[in-house]
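A.B. asks: Got a predicted structure here, sequence first:
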Amino acid sequence: MQKFSIKLKGVHFAYPIKNKKESNKKTATSLSKGNVAEIHSLRNGGGLDRGVESPLKMRGNFSIDIEEFSPSLCTAIMGENGSGKTTLGKLVAGIIRPDKGQIFYNQTDIKNLKLGEIGKQVGYLFQEPSRQIFAPNPLEEISFPLELRGISKEDAQEKAHKLLKLFELEHIINHTTYTLSRGEKQRLAIAATMVCEPRFFVLDEPTTGLDKRRRHLLAETLFILQEQGVGILLISHDREFVNILGAEIRQMEGGKFID
């Protein structure tokens, strides 16, 4: 399999000021079309807003400028709140598109890719897990994307059971997802992001809500993915976790790299 690479070149992005009603209408219209492949790509990329940035998080004067950036097999983006880390992660994952510049997956500019094609290659974990959990219970949360890809329900659920066991969620397999704790939701969101086996992961603050033992469990899982050639872009304030992974650290401030 060809090594998967991501490259940003001359990227500029500024948050526009949008009307909340207009943005919500755009999201609702997209989903009402019933396009299963598109809904799957939205879900795999994290929540139901891939390509539609929430106006609640838009900051009219904030912009990000990246002259050139090619994440290594494991790269950590660090910096203060508001430095542009999450925005960069969403650009890498195709959730938002740059106003200028290009983003390449291998040699392909992602502006030429459909949402489904992007979602199959890059998985995204939102900082708030509730934004991407939609199924009524953990088993369906993990198995549903596989069934959309044509995998039998039996095989999809078998794979889901393995991930639920890996992330110590077997005891809540049929619980209602909205009743789960923050830590349980975080582990479930990570498992659901991994199940479709993308070639690259963007993980936004993945250790939030995890105790020390489960942070080490997550690190071991990410080590296995790296051995398989899966790339990881980690957005984190958790320097201890970043050091455990041996990640290349890039520092951001004011929407730019300062290292």
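C.D. replies: Structure received. Numbering: from 1, shown residues only.
A.B. asks: which residues of this structure score low on pLDDT?
C.D. replies: Applying pLDDT under 70 to the chain picks out residues 1-2, 17-60.
A.B. asks: need the helices for it, in chain order.
C.D. replies: Using DSSP state H, the helices of the chain run over 20-32, 36-46, 85-92, 115-121, 138-148, 153-166, 182-194, 212-227, 239-245.
A.B. asks: for those helices, which one sits closest to residue 256?
C.D. replies: helix 85-92 (10.0 Å; CB to CB). Any C-beta I mention is one placed from the backbone N, CA and C, and that applies to glycine too.
A.B. asks: related to what we said a few turns ago, could you dump the helices of the chain into TSV and include distance to residue 233?
C.D. replies: Formatted as TSV, the helices of the chain follow (distance: least, CB to CB, whole Å):
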stretch	distance to residue 233
helix 20-32	25
helix 36-46	13
helix 85-92	6
helix 115-121	13
helix 138-148	21
helix 153-166	21
helix 182-194	13
helix 212-227	11
helix 239-245	12
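A.B. asks: winner for burial among those?
C.D. replies: For these, the stretch with the most neighbours on average is helix 85-92, a mean of 25; neighbours defined as mean count of other CB atoms under 10 Å.
A.B. asks: Give me the residues contacting that one.
C.D. replies: Contacting residues not belonging to helix 85-92 are listed as 6, 8, 11, 13, 15, 53, 62, 64, 66, 69, 71, 77-79, 96-98, 103, 122, 124, 127, 202, 204, 233, 235, 252, 255 [CB atoms under 8 Å, 6 or more residues apart in numbering].
A.B. asks: just stretch 206-222 next, same as before
C.D. replies: By CB under 8 Å, 6+ apart, stretch 206-222 touches 74, 125, 127, 129, 166-168, 181-183, 185-187, 190, 194, 232, 234, 236, 238, 241, 244-245.
A.B. asks: distance of residue 162 from residue 191?
C.D. replies: Per CB to CB, to the nearest Å, residue 162 is found 9 Å from residue 191.
A.B. asks: Sorry, slip of the keys, the one I care about is residue 95.
C.D. replies: Counting by CB to CB, the separation of residue 95 from residue 191 is 20 Å.
A.B. asks: Test of understanding: give the bridge partners of the residue nearest to the spatial centre of the chain.
C.D. replies: By CA atoms, centre = their mean, the mean C-alpha position of the chain lies nearest to residue 124, the distance being 1.0 Å. Residue 124 has these beta-bridge partners by DSSP bridges: residue 202.
A.B. asks: likewise residue 104?
C.D. replies: Per DSSP bridges, the residues bridged to residue 104 are residue 7, residue 109.
A.B. asks: now residue 66
C.D. replies: For residue 66, the beta-bridge partners are residue 11 (DSSP bridges).
A.B. asks: I'd like the distance between it and residue 8.
C.D. replies: 5 Å.
A.B. asks: And those two? Which one has more around it.
C.D. replies: More crowded of residue 66 and residue 8, by other CB atoms under 10 Å: residue 66, with 23 against 19.
A.B. asks: give the contact list for that one.
C.D. replies: 8, 10-12, 88, 91, 101, 256-257.
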